[in-house]
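# Could you look at this predicted model? Sequence included:
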Amino acid sequence: MSATTAEEPRELQDPRLGTKSAKSTKRQNALRHPDRRGRSPIFDAPTRTGLALRYLTLVAVLLISIGPMLWELSTSLKSKAEDVFTQNIELLPQHPTLGNYGEVQRTIPVWHFAVNSLTVAAINVTGNIIGATLAGYVLARLKFKGRKLLLGVFVSTLILPAEVTIISKFQMITSMGLGDTILGVCLPDMIAMTNVLLMRNAFLALPREVEEAAVIDGATTLQRLRFVGLPAVKGTLSVISIFAFIGAWDDFLWPLLVLQTPDKLTLTVGLSYLDGQWSHDPRTIAAGTMIALVPILLLFMVLQRFFFRGVSEGAIKG
Amino acid sequence: MRRTTAVSAIAVAATLLAAGCGVGSKSSTADATKTVATTAALSGSITFQTWSLKNDKFTPYFTKLIADFKAAHPGTDINWIDQPGDGYPTKVTSQVATGSLPDVVNLPPDIAHAVAKTGNLLDLKKNVPTLQTDWVKSGLNAYNYQDIDGGATFFGFPWYLGTDVSYWNKAMMAKDGLDATKPPKTFDELVAQAKVMHDNSGGKDYLMSRAPGLSDIANTGTKLLSADGTKFAFNTDAAEAMLDKYTQAYKAGYLPSNVLDNSYEGNYKLFTKQEVAWTTGGGNAITSMQKDNPSLVPNMVPSPALDTAPLYVQGISVSSKSKNLALALAFAEFVTNNQNQVDFLKLAPGFLPGTTASANDPQYSKSDGTPQGDASVIAYKDMQTAVNFTPPIWTDAMNTILNQEIAKAMTGKETAKQALDNTVNQANGLLTQ
């Protein structure tokens, strides 16, 4: 698709040249050197400077978002003799060492905590995928008395800040005999209201006619959910899995309240033992943080394809 | 560092405690003031909770402590648990709300106040005859609250005491024509040296880096509370004059401009980054700096705190709901007895024991020649006159109001008098809520 050979199609192709300035188009054609303006021959492609600007912006945003993580990573690799807080940030450790990671392992049973966290996260993800899907489908598709009221009640619970309800939630869990258990940590978040709403919106986005066709074919409600609804909402499902996973993995206050026995602690609570008044070493804290970050990165890498699809799903129809 | 987190959460905790107890365990002050029979031999088991002390450094100490106690009292068992530094007030709140507060608990005075108010801590005065002779008065007073039983009760054994020491950056001061061996001793001298530093560095280096707070008001000789201890009354002329001096220093550029907003990192952090040449810190700040920025340690020169130093107290309290009060009380006394405190302090340089037998022990006034040793000695000297400034009824919400009003005054939106009057009125309003 060389621009120099086909002048007329090129004019059509590139709307920016348009009819606005016939004079300039003519001059350019006369020069037969479209690259003078740095414009790519491909439809709607940016100019070179435009491209450069885009990449510069991308790099700037990248630096802003991963900068703190890089700093943590570099801190976790710094030796005891190096300064951590400096006026000019030094990202490359002068004497890189893995000793801090070893110290984390010696100080706290970090892998044991990680297994606990994974258990909580797995239960929460499963609970949300099953529970939020069922609830979301019911709210989106089934007709029954009080549906609007039910939806209203659900949404209104979102208004209550978590801090207000946390102690009463805790009293409920302990009176159920679930204090100091992993299940007690999972239970309140096993079906999160935001996830139900996300699923409801995803199901609403599916044209009703498709389902009506399935009804005519004799599909039951569960069959419609399984074979018509679910394939259409995979993106949102991966979004709520990631949200549920990160929510469970990062939560600190709730597991701190529920759990008492040291070997039941989750990773976030366990890691905070590294940050004591007497044993405060930014390097080991950073090393612990990096260990906690790995599973989230892995999960995101595996699911990112679906994740962005899910995000746009919600963006269009939500 | 840890204490600021604690203080910021205490307001929430206090509110929740009140709410939590309405729903959960019905409490009565009768529990708190009961007398414990100590005639029978000790037996059974109790739980002992520390705050952020289970680590390489302190675990061996506690293991030995518990073993010693069990050897002296066969048939008893102590279950030691430790809570992480973050979220401690909320954790204690939840324990109180569900009636699972450990028998013996390490509580700072502010959290102890919230728990004692609900009747969940045992009055020690009634049960320990030697309380006021064996433990230091300043420490005990931190656990004595005017709004509970009119101040007739004490809810904690003083365990270890801390204070603030000033630290100066020798190299920065030398560069700007100041001598770290002759640091300012009063607030006025501080402002004078801050001016020198500002002028000689072209406004790049700072000496002062924090806005005034409640302790600065107390340091002007102002009594924070009214005579009966029920209302705030610190809007005095002296406090106003102090605030005016800060305002002038701020306007002249002697403080970094962001000390009043949210981007302010705290004076210790700015000192660590070598942007300011003065900070206050605990007696163990040099040991901590060894971990943060080892290259800064040789430049740190300690000196006594300006004016009167603040006193920080940690204590051991006994739950009034304990099923084995006799054992709990005996163990709490054992943990805080003189010998065990002395041993504990060997691991915690820059702090002092809370027992009268050791608090004035001259061995703490001898430095081993290292800067950390010097700082420990200074902390020891500061502690002789240190005062716990913060009244127990002062909450985090009130502190936020104070900070906002001080910011308004320092940026010229209000006069110092207006700012202080507003703070006192609003804080008193919060009291009656």
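Perfect, I can see it now. What you see is a predicted model; the values in this text were computed from it and never measured. Numbering: from 1, shown residues only, chains lettered A, B, ... in the order given.
# from here on, contacts and neighbour counts on C-alpha atoms
Will do.
# Confirm B:Trp394 sits in a strand?
No: assessed with DSSP: H, G, I helix; E, B strand; the rest coil, B:Trp394 is coil; it does not lie in a strand.
# By proximity to chain A, which residue of the stretch 201-350 of chain B wins?
The minimum distance from the stretch 201-350 of chain B to chain A, using Cα to the nearest Cα, falls at B:Asn293 (3.9 Å).
# Surely that residue touches B:Gln274?
No: using Cα atoms under 8 Å as the test, B:Asn293 is too far from B:Gln274 to be in contact (10.1 Å).
# just to revisit the earlier point, for the residue of the stretch 201-350 of chain B closest to chain A, list the residues it contacts.
The contact partners of B:Asn293, by Cα atoms under 8 Å, 6 or more residues apart in numbering or on different chains, come to A:Ala81, A:Glu82, A:Asp83, A:Val84, A:Phe85, B:Thr272.
# Compute the number of surrounding residues for the first one.
Right, A:Ala81. Per other Cα atoms under 10 Å in any protein chain shown, the neighbour tally for A:Ala81 reads 14.
# returning to that earlier point: phi, psi for the residue of the stretch 201-350 of chain B closest to chain A please.
For B:Asn293, the backbone dihedrals (degrees, to the nearest 10) come out as phi -130, psi 90.
# Also the one 10 residues further on?
Comment: the main-chain dihedrals of B:Ser303 come out as phi -150, psi 160, following degrees, to the nearest 10.
# residues in contact with it?
Per Cα under 8 Å, 6+ apart, neighbours of B:Ser303: B:Val165, B:Ser166, B:Tyr167, B:Trp168, B:Pro183, B:Ala375, B:Ile378.
# Next up, the contacts around B:Glu414.
With contacts defined as Cα under 8 Å, 6+ apart, B:Glu414 is in contact with B:Lys408.
# Next up, identify which helix or strand it is on.
Secondary structure assignment for B:Glu414, by DSSP states H and E: no helix or strand.
# do you know how far it is from chain A?
34 Å (Cα to the nearest Cα, to the nearest Å).
# quick one: pLDDT of that residue?
According to the model's per-residue confidence, B:Glu414 sits at a pLDDT of 92.
# same thing with A:His33?
52.
# repeat for A:Met1
Turning to A:Met1, the model gives it a pLDDT of 38.
# Present the contacts of B:Ser303 as JSON lines; the columns should include secondary structure, neighbour count and distance to B:Val136.
What follows is these, written out as JSON lines (DSSP: H, G, I helix; E, B strand; the rest coil; neighbours: other Cα atoms under 10 Å in any protein chain shown; distance: Cα to Cα, whole Å):
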{"residue": "B:Val165", "secondary structure": "strand", "neighbour count": "28", "distance to B:Val136": "21"}
{"residue": "B:Ser166", "secondary structure": "strand", "neighbour count": "25", "distance to B:Val136": "24"}
{"residue": "B:Tyr167", "secondary structure": "strand", "neighbour count": "27", "distance to B:Val136": "27"}
{"residue": "B:Trp168", "secondary structure": "strand", "neighbour count": "23", "distance to B:Val136": "31"}
{"residue": "B:Pro183", "secondary structure": "coil", "neighbour count": "21", "distance to B:Val136": "31"}
{"residue": "B:Ala375", "secondary structure": "helix", "neighbour count": "29", "distance to B:Val136": "22"}
{"residue": "B:Ile378", "secondary structure": "helix", "neighbour count": "25", "distance to B:Val136": "19"}
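# Make a markdown table from those and add pLDDT and distance to B:Asn422 to it.
Supplementary listing: the contacts of B:Ser303 in a markdown table, determined by pLDDT from 0 to 100; distance: Cα to Cα, whole Å:
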| residue | pLDDT | distance to B:Asn422 |
| --- | --- | --- |
| B:Val165 | 89 | 31 |
| B:Ser166 | 91 | 31 |
| B:Tyr167 | 92 | 34 |
| B:Trp168 | 93 | 35 |
| B:Pro183 | 90 | 35 |
| B:Ala375 | 87 | 39 |
| B:Ile378 | 88 | 37 |
